[in-house]
Structures are given as structure tokens and as C-alpha cells.
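Asker: below are the sequence and a predicted model; questions follow.
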Amino acid sequence: MVNFEKVYQRVAMQVIARCHGAIKITKHGKVIEVYDTKRHIWSNGLAGLIIKEECRNENLKEWEFANVRSYVIQKLLGKSEN
């Protein structure tokens with residue numbers, strides 16, 4: 001049996017690693033801009049695309065993307081439990 005919370009956390013860390021932590025975020029948890037090292041650009045609409053690509057690489061369903069996004073925001077805001 002797969003622990004989905006651990007999968008979501010792992011994918012969230014992959015998203016952060018892919019952007020090298022270069023994600024601008026508000027204190028309320030809204031993603032402003034990200035830097036994608038594969039495309040070498042800053043973009044304010046790219047965060048969702050990066051999350052979708054990493055989730056699809058892990059064979060997650062579309063309804064699970066929001067869970068991964070919440071873990072990305074938690075990690076960046078320093079609210080993670082670990």
C-alpha cells in the first residue's frame with residue numbers, strides 16, 4: 001500500500017529542486033513567479049505547469065495536483081511538519 005502523503009511530499013520536493021528553490025511566493029501562499037531551469041525563464045504562469053509535469057512523471061491523477069501544490073507552499077513557507 002502506498003502512502004500518498006509521502007508521494008505528494010516527494011513530488012513537491014522534486015518541484016522545488018527543479019526550480020532550485022527559485023520560487024517567489026507571498027506570505028499568504030500564492031505563487032507569484034518561478035524559474036524553470038529546463039526552459040531557463042522566469043514566469044508567473046509556469047508554476048502550475050511545472051507541478052503538472054512533475055505529477056504526470058509520477059503518474060498522479062489531476063485531482064492530486066492540488067495536494068502537491070499545497071506541500072510546495074508549505075515547504076516554501078516553512079510550515080512543514082518535518
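Answerer: Here it is on my side, so go on.

Asker: quick one, helices of this protein?
Answerer: Applying DSSP state H to the chain gives helices spanning 4-18, 46-57, 65-77.

Asker: His20: neighbour count?
Answerer: 11 (other C-beta atoms under 10 Å). Every C-beta, even on glycine, is put in place using the N, C-alpha and C of the backbone.

Asker: right, and it touches Asp36 too?
Answerer: No: His20 lies out of contact with Asp36 (C-beta atoms under 8 Å); the separation is 9.8 Å.

Asker: picking that back up, what would the helices of the chain look like in JSON lines with mean pLDDT?
Answerer: Listed next are the helices of the chain as JSON lines, based on pLDDT from 0 to 100:
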{"stretch": "helix 4-18", "mean pLDDT": "87"}
{"stretch": "helix 46-57", "mean pLDDT": "83"}
{"stretch": "helix 65-77", "mean pLDDT": "84"}
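
Asker: dump those to TSV, plus mean neighbour count.
Answerer: Shown next, in TSV, are the helices of the chain (neighbours: other C-beta atoms under 10 Å):
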stretch	mean neighbour count
helix 4-18	17
helix 46-57	18
helix 65-77	18
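
Asker: now render those helices as TSV, adding distance to Lys24.
Answerer: Formatted as TSV, those follow (distance: least, C-beta to C-beta, whole Å):
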stretch	distance to Lys24
helix 4-18	13
helix 46-57	9
helix 65-77	9
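
Asker: of all those, which lies closest to His40?
Answerer: For these, proximity to His40 was assessed by C-beta to C-beta; helix 46-57 is nearest, at 11.4 Å.

Asker: in CSV, list the C-alpha atoms belonging to that closest one.
Answerer: The C-alpha trace of helix 46-57 is given here as CSV (Å, rounded to 0.1, in the frame of the first residue of the first chain):
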residue,chain,number,x,y,z
LEU,A,46,4.7,28.5,-15.1
ALA,A,47,4.3,27.2,-11.5
GLY,A,48,1.2,25.2,-12.4
LEU,A,49,2.8,23.7,-15.5
ILE,A,50,5.9,22.6,-13.6
ILE,A,51,3.7,21.0,-10.9
LYS,A,52,1.6,19.3,-13.6
GLU,A,53,4.7,17.9,-15.4
GLU,A,54,6.3,16.5,-12.2
CYS,A,55,2.9,15.0,-11.1
ARG,A,56,2.5,13.4,-14.5
ASN,A,57,6.0,12.0,-14.3
